[in-house]
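Trainee: Pasted the sequence and its predicted model underneath.
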Amino acid sequence: MSSQDLLLLRAFDKVDWKKTGKLHADEVSAILVSHGMITRDEVIPTMTKLLKQYDTKRDNWIDRSEFEQMIKGLSASRSGSRSIPLSLEALALLRAFDEYDTQKDGRLSPDELVAMLAKQGAIAKGDRISTMIKLLGKYDTNKDAWIDRSEFEQMLQDMHPTTPAPIPPTTRDISEEQILKAFDDADTLRNGKLPTDILTNILVKHGKITRDDIIPTMIIMLKQYDTRRDNLLDRQEFQRYLIDMRGRW
């Protein structure tokens, strides 16, 4: 099993925080999209196909063994499938690559690539020509004046290495009160609620989760605690999440 498959299984286990051994189809699709296995445009047709193939009980739920077979099948079917794990920042750029690849031939021209990187904020807009020359010189391994997906993945690995920074030991003892204070500090609008991306950043900063845990944690928050379904958690909902996570960190 590849390191990418292991990351996907880890995400499955994180989202399955109640330890039921299964996830709903929408949770599975969110994991696959967030890890760059499928694009957002592919969700409906791809999940329809995957459910037909792997949902043996036909209940729109995928258990862990079915999920493991699913990701093995996806990895085998993808041309030039990824052999190295990528950080969340790199995965976001990889999804952008797929969106810019309108011809679906697995490659981008130098102009398209640099335009995409500039739009995503990965390079300064004034550096386009010099960046284009550097990228082609270093990553265009087959010298065809295009950057294909596998070449781009290697570029991303160099730009965003996945080795996580060690968590200082003191952050492991951060109390719930300190995290809730960070909630209050981040609530600049004073409306008592925050989006999940800010909440997960608070948890990362305080050493409760790693950056690789962000997407699974956001899914859990939205699925289990966002009672208004507005993609926000209020202070009480966030506190309930913290209470439920006691002993899990």
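Mentor: Happy to help now that I have it.
Trainee: quick one: Ile123 is in a strand?
Mentor: No - applying DSSP: H, G, I helix; E, B strand; the rest coil, one finds Ile123 to be coil, outside a strand.
Trainee: Just list the residues touching it, thanks.
Mentor: Listed by C-beta atoms under 8 Å, 6 or more residues apart in numbering, the contact partners of Ile123 are 114, 117, 131. All C-beta spots, glycine's among them, are computed from the backbone N, C-alpha and C.
Trainee: swap in Trp17?
Mentor: 220, 224, 244-245, 248.
Trainee: Filter those residues down to the buried ones.
Mentor: 220, 245 (16 or more other C-beta atoms under 10 Å).
Trainee: The contacts of Trp17 in helices, which ones?
Mentor: Counting by DSSP state H, the part of these found in helices is 220, 244.
Trainee: quick one: which of the contacts of Ile123 is most hemmed in?
Mentor: In terms of neighbours by other C-beta atoms under 10 Å, the contacts of Ile123 top out with Leu117 at 26 neighbours.
Trainee: need the contact list for it.
Mentor: Here Leu117 is in contact with 93, 123, 131 (criterion: C-beta under 8 Å, 6+ apart).
Trainee: coming back round to it: between the contacts of Ile123, which sits nearest Asn231?
Mentor: Using C-beta to C-beta, Leu117 is the member of these that lies nearest Asn231, at 27.8 Å.
Trainee: Tell me which helix or strand comes right after the lowest-mean-pLDDT helix or strand in the chain.
Mentor: Taking mean pLDDT, DSSP states H and E as the measure, helix 88-100 is the helix or strand of the chain with the lowest mean score, a mean of 73. Note on helix 88-100: by DSSP states H and E, the next helix or strand toward the C-terminus is strand 107-108.
Trainee: For that following strand, give me every contacting residue.
Mentor: So strand 107-108 is contacted by 97, 100-101, 116, 146-149, 152 (C-beta under 8 Å, 6+ apart).
Trainee: avg pLDDT for stretch 214-223?
Mentor: Stretch 214-223 shows a mean pLDDT of 84.
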